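Novice: Task: produce atomic coordinates for the following.
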Amino acid sequence: MKKVEINLYPYQPKEGNKYIKIIERYTPFALLAALGLIAINLILFSITASMSFPYHKFNSEWKQLQPKIGKIEELKKELSSLAAKKKEYRNVLKYKMNISHVFADIYASLPKNIWLGKTRFDEDTIYISGYAVTWKDSPLVSIDIFTRKLRKAKYFSSIFHKVNLKSSRRTIFNTREVMRFEIECRI
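Specialist: Residues are numbered from 1 along each chain as shown. Below you'll find the predicted structure:
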């Protein structure tokens, strides 16, 4: 038997320009991208337009407050100049201390059962911390003797007028019960 072919679509398009086919194929995508860009542009425009109204309101309030801001800036400059003058006067009036004499008085005042842990200097205060162990006297008695000797030390007492026990507590140090203390000495 012979095969019979019947062409039901007799129209055959002509081979056209290759570029026209590419344009026909990608035109819907380009239009869709253009519509998307227009939509994004409209969204961004609406956002910026909604932000511009408060901006104009705040801008008008800012212009009203501008003279007050200028006064505040002048006050800040005056305050900083006064702070610099205060610092200068304080440096002139501040008593210069000899640290070696201070430490000499501290170590000369130490009883045998007290050893120092840390010494910290602030602007007008020195903090002396250490440990006291029971030996002949109670640790609190030894700390009291130490503070009294500091108050009587000639150079130390001429600089630091207030010598007070700030804190003390019992702790264990290398299996020994000791009294940890901190003494505050103010100018």
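Novice: Tell me which stretches of the protein form helices.
Specialist: For the chain, the helices defined by DSSP state H cover 18-93, 99-109, 139-152, 154-159.
Novice: any chance of those helices in TSV, with mean neighbour count and mean pLDDT too?
Specialist: Using the backbone N, CA and C atoms, a C-beta is placed for each residue, glycine as well. Output for the helices of the chain, formatted as TSV (neighbours: other Cβ atoms under 10 Å; pLDDT from 0 to 100):
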stretch	mean neighbour count	mean pLDDT
helix 18-93	10	86
helix 99-109	14	84
helix 139-152	17	85
helix 154-159	15	83
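Novice: Redo those helices as a markdown table? Include distance to Lys166.
Specialist: Listed next are those as a markdown table, based on distance: least, Cβ to Cβ, whole Å:
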| stretch | distance to Lys166 |
| --- | --- |
| helix 18-93 | 24 |
| helix 99-109 | 16 |
| helix 139-152 | 11 |
| helix 154-159 | 17 |
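Novice: Looking at the ones you listed, which is nearest to Arg180?
Specialist: Among the helices of the chain, helix 139-152 comes nearest to Arg180, with 9.4 Å by Cβ to Cβ.
Novice: and the angle for that closest one with helix 99-109?
Specialist: Counting by axes from the mean of the first three to the mean of the last three Cα atoms, to 10 degrees, helix 139-152 lies at 140 degrees to helix 99-109.
Novice: Mind splitting this protein into its structural domains?
Specialist: 16-94, 99-186 (automatic domain parsing).
Novice: Lys3 is nearest to which of these?
Specialist: The nearest among the domains of the chain, by Cβ to Cβ, is domain 16-94 at 32.1 Å.
Novice: what's the distance between that closest one and the middle of its chain?
Specialist: Computed by Cα atoms, centre = their mean, to the nearest Å, the chain-centroid distance of domain 16-94 equals 26 Å.
Novice: residue closest to the middle of the protein?
Specialist: Asp122 (20.9 Å; Cα atoms, centre = their mean).
Novice: for that residue, phi and psi?
Specialist: In terms of degrees, to the nearest 10, the main-chain angles of Asp122 are phi -110, psi -170.
Novice: which stretch among the helices of the chain comes nearest Thr175?
Specialist: When the helices of the chain are compared (using Cβ to Cβ), the closest one is helix 139-152, at 16.3 Å.
Novice: Out of the domains of the chain, which is closest to Lys2?
Specialist: domain 16-94 (35.9 Å).
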